[in-house]
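1. Fold the stuff below for me.
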Amino acid sequence: MRKYDIYLPLKYNNGEAIESVKIVRVWDELAEAFGGITVSPLSAPYQGRWKSRRRRVH
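-> Down below sits the predicted model:
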């Protein structure tokens with residue numbers, strides 16, 4: 001197993017918040033590409049997404 005830390009910006013350069021749907025889309029793409037991810041949002045405990053026998057688990 002390998003660990004990678006990927007930091008996503010939460011705001012655009014003009015200070016507006018990035019839409020949460022875009023961030024979740026990145027999470028889904030990473031989970032699809034690597035088979036699973038663990039996310040540490042600022043306001044919640046760790047969350048995980050992974051694939052198990054062609055099934056997505058959250």
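2. For Trp27, the count of nearby residues, please.
-> 17 (other CB atoms under 10 Å). C-beta: built from backbone N, CA, C; applies to glycine.
3. give me the element it is part of.
-> Assigned by DSSP states H and E, Trp27 belongs to helix 20-34.
4. Check which residues of the helix or strand just after that helix are buried.
-> Downstream of helix 20-34, the first helix or strand assigned by DSSP H and E is strand 36-39. Within strand 36-39, the residues that qualify as buried by neighbour count (16 or more other CB atoms under 10 Å) are Ile37, Val39.
5. Now tell me what touches strand 36-39 from outside.
-> Trp27, Leu30, Ala31, Tyr46, Gln47, Gly48, Arg49, Trp50, Lys51 (CB atoms under 8 Å, 6 or more residues apart in numbering).
6. and Trp50, that's in a strand?
-> Yes: when DSSP: H, G, I helix; E, B strand; the rest coil is applied, Trp50 is found to be in a strand.
7. Spatially nearest residue to it (excluding sequence neighbours)?
-> Gly36 (2.9 Å; CB to CB, 6 or more residues apart in numbering).
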